[in-house]
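Participant: Give me a 3D structure for the following:
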Amino acid sequence: GFYQRASGALGALSLLFPTRLKVVDHSFSSRDEYRSWLIDGNFREGLNDPRAHSHTSSPFCWVSKRATAKPLAKDITSFIGGCDDTLDFCRKLCNPKDTDDGEVATMVDDGFQSDHEYDYDLVVIGGGSGGLATSKEAVKQGAKKVAVLDFVKPSPAGTNWGLGGTCVNVGCIPKKLMHNAALIKEAIDKDSVAFGVSSGDSTSHSWEGMRQNIQNHIRGLNFKYRVNLRENGVTYLNKLGKFKDAHTLELTDKKGNVSVITAARVVVATGGRPTNLECEGGELAISSDDIFALEKSPGKSLCVGASYISLECAGFLAGLGNDTTVAVRSILLRGFDRECADKIGSYMEDHGVKFKHAVVPKKLEKTDGGRIQVTFSDDTQDIYDTVLVAIGRSADTGKLGLENVGIVANQKNGKIPTTFEQSAAPNIYAIGDVMENCPELTPVAIQAGIALSRRLFGGSTVAMDYRNICTTVFTPIEYGTVGYSEDEALEKFGADHIEVYHKSFMPLEWSISESRSHHQGFTKVIVDKSNDKVLGIHFLGPSAGEVMQGYGTAVKKGITFSDLEDTVGIHPTSAEEIVTLSVTKSSGKDAVAGGC
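Facilitator: Next up, the predicted model:
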């Protein structure tokens, strides 16, 4: 029957492509038992794809993050369908095309009519990078009336900011500038003498001067974004939006005045906010929403958490001369390559950052001098001028009125489940950090918003590709990465099916500086043995983001390790270390690079 045909085709492919496909067969003794599980047991209702909700026949096929004996709807990444859909899936898996034209986004009809009577074709809730890109692209693709709602709720510490979202105001932009300030100070203090530049005593740093210049730059960007919206025909509304129904939004301005608008389509792009510290006195801590606007130097600082945000902040705080400690509950940089994360920790520790492992704050209290005394879970205590919490982020959806439109957000993080950015309410979409299973990166939100607007108003069917996305962690030694970590590759493909090429190397600019010459950069490439395809690239060293961007394109286009070997490097650069890799971990040979 149909079940046997689909199961047989998938089974054959799993034998041909063991690193790409594993088949788990969930069979039932009778049709009644199958329907009881699928329909009466509400398994199909747990999938985001509306096609699954009406599927009654056998087989019922899906793609899951994990191969478990008992299927869990929360692990399902996409619904394939029945027999014909499964056979089509198998044909696509075997398609030998050299290029990928992009996944086709199969979306539910949201009822949009060009002659609708709503106030707007599209309203975007959220004026961050993703929301701004979505709105402008919608106009470009033919939407007639588009509006952006942007209303910044102050942080618990009272910090506020302008149009542009987290990245511009309290994220990527000020973070990178402060990181650069720390690199400049370190270069003057540690490297200048070795290069014949007389620096005298250690340089001083003015937090106030740096902060003022950075905030002026950000305010300039805020103004440019408002002008840009106007020039692109997008209405800017500095108001807080809440759903009354799927097409109606209640707006509240900063004076408390309430108004109502309607829209044919709505995109939620509200992003996320830092998770607060839940302990006695936790309100004394600030977050990344506040650190960049502090009017005076943070002084002796405690960074709570081992996320990239915490480590980046700790890195530039220490680099600027502040006594800095990181409280680590478990491991550094969860979700990143473990070997690289450990190397980052060692480098930071050697550069003055202190780590308290296996602890969390238990109590914060003000001292008579206005400082903060922290009691940790191991009952040790210390006093700090600033406590910064960076233990995670949650989607900013709590006051959107999602319950009024039938959208159920993830209870743990507030994120909205979607299929191709489309929510359970067909005319309401979500992009960026607010969307379930979306990398929390600004360029991802921008790209997803542009792709969505092209589908909604330009006739495109191309889905956003969330695979093989580059990112860089701007710790004191920068870390650029794309694709699988070694840990992920081992789990998915197995040790027998991957090869890891690795190398430690001395960046030339570090080689004559005594303070740096005992440190090394590091790179590794993870390769699928079955087809020589590069699964992941990792790089620790100067300008890691600049190095990794080009390699990200190569990985996205399916580069093989042989392609890397055949590439002539640019000399002398740290980036060339990636194309000159030759030592594998399995060989057991020394992976320390020599000279030219």
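Participant: List the buried residues in stretch 488-500.
Facilitator: 488, 489, 493, 497, 498, 499, 500 (16 or more other C-beta atoms under 10 Å). C-beta coordinates here come from the backbone N, C-alpha and C atoms, glycine included.
Participant: how near is residue 110 to residue 461?
Facilitator: 15 Å (C-beta to C-beta, to the nearest Å).
Participant: Rounded mean pLDDT for the longest helix along the chain, please.
Facilitator: Ranked by residue count and defined by DSSP state H, the top helix of the chain is helix 207-231. The average pLDDT for helix 207-231 rounds to 97.
Participant: could you point out which element follows it?
Facilitator: strand 234-237 (DSSP states H and E).
Participant: Check which residues of that following strand are buried.
Facilitator: So, applying 16+ other C-beta under 10 Å, buried residues of strand 234-237: 234, 235, 236, 237.
Participant: wait, doesn't residue 270 sit right on residue 124?
Facilitator: No - applying C-beta atoms under 8 Å as the test, residue 270 and residue 124 come out as separate, 9.7 Å apart.
Participant: out of those two, which sits in the more crowded spot?
Facilitator: residue 124 (33 against 30; other C-beta atoms under 10 Å).
Participant: and that one, what does it touch?
Facilitator: Contact analysis of residue 124 by C-beta atoms under 8 Å, 6 or more residues apart in numbering lists 131, 134, 135, 146, 147, 148, 149, 266, 267, 269.
Participant: Let me know the closest of these to residue 84.
Facilitator: residue 267 (32.9 Å; C-beta to C-beta).
Participant: can you pull up the bridge partners for residue 81?
Facilitator: residue 61 (DSSP bridges).
Participant: does it really touch residue 51, like I thought?
Facilitator: Yes - using C-beta under 8 Å, residue 81 makes contact with residue 51 at a distance of 6.5 Å.
Participant: Compare those two (neighbour count), which wins?
Facilitator: Shown here are residue 81 and residue 51; by other C-beta under 10 Å, residue 81 has more neighbours (20 against 16).
Participant: For stretch 459-471, buried residues please.
Facilitator: For stretch 459-471, using 16+ other C-beta under 10 Å, the buried residues are 460, 463, 464, 468, 469, 470, 471.
Participant: I'd guess the first one is in a helix, am I close?
Facilitator: No - applying DSSP: H, G, I helix; E, B strand; the rest coil, one finds residue 460 to be coil, outside a helix.
Participant: nearest residue to it other than its sequence neighbours?
Facilitator: residue 454 (3.9 Å; C-beta to C-beta, 6 or more residues apart in numbering).
Participant: tell me, how many neighbours does the one you found end up with?
Facilitator: 18.
Participant: what stretches of the protein score poorly on pLDDT?
Facilitator: 95-102, 199-202, 594-596 (pLDDT under 70).
Participant: Could you please name the strands the longest strand seen in the chain pairs with and the direction of each pair?
Facilitator: Identified as the longest strand of the chain according to DSSP state E is strand 258-268. Here strand 258-268 has these sheet partners by DSSP bridges: strand 120-125 (parallel), strand 248-252 (antiparallel), strand 428-430 (parallel).
Participant: out of those strands, deepest packed?
Facilitator: strand 428-430 (a mean of 28; mean count of other C-beta atoms under 10 Å).
Participant: And the residue nearest the centre of the chain?
Facilitator: Most central in the chain under C-alpha atoms, centre = their mean is residue 440, positioned 2.6 Å from the mean C-alpha point.
Participant: Now for that residue: which residues touch it?
Facilitator: Applying C-beta under 8 Å, 6+ apart to residue 440 gives the contacts 272, 393, 432, 433.
Participant: Identify the residue nearest the third one in space, chain neighbours excluded?
Facilitator: When you say that, I think you mean residue 432. According to C-beta to C-beta, 6+ apart, the nearest residue to residue 432 is residue 445 (3.1 Å).
Participant: Three-state assignment for the one you found, please.
Facilitator: Look at residue 445: counting by three-state DSSP, its state is helix.
Participant: Surely it and residue 439 touch.
Facilitator: No - if you go by C-beta under 8 Å, residue 445 and residue 439 don't touch, sitting 9.2 Å apart.
Participant: Those two - which one has more neighbours?
Facilitator: residue 445 (31 against 15).
Participant: The more buried one and residue 558: what is the separation?
Facilitator: From residue 445 to residue 558 the distance is 25 Å (C-beta to C-beta).
Participant: Next: residue 285.
Facilitator: Going from residue 285 to residue 558 by C-beta to C-beta gives 45 Å.
Participant: what about those two, which has more around it?
Facilitator: Set side by side, residue 285 and residue 558 show more neighbours around residue 285, with 26 against 14, by other C-beta under 10 Å.
Participant: before we move on, back to that, now the longest helix of the chain: buried residues?
Facilitator: 207, 210, 211, 214, 215, 218, 222, 225, 226, 229.
Participant: my read: the last one touches residue 133, true?
Facilitator: No - counting by C-beta under 8 Å, residue 229 does not reach residue 133; the two are 11.1 Å apart.
Participant: Let's verify residue 151: helix, strand, or coil?
Facilitator: Criterion first, three-state DSSP; result for residue 151: coil.
Participant: ok, for it, nearest residue in space, not its chain neighbours?
Facilitator: residue 240 (3.9 Å).
Participant: In the beta-sheet assignment, what are the partners of that neighbour?
Facilitator: residue 252.
Participant: Quick check: phi and psi on residue 539?
Facilitator: Backbone dihedrals for residue 539, given as degrees, to the nearest 10, come out at phi -140, psi 130.
Participant: Cool, thanks, talk later.
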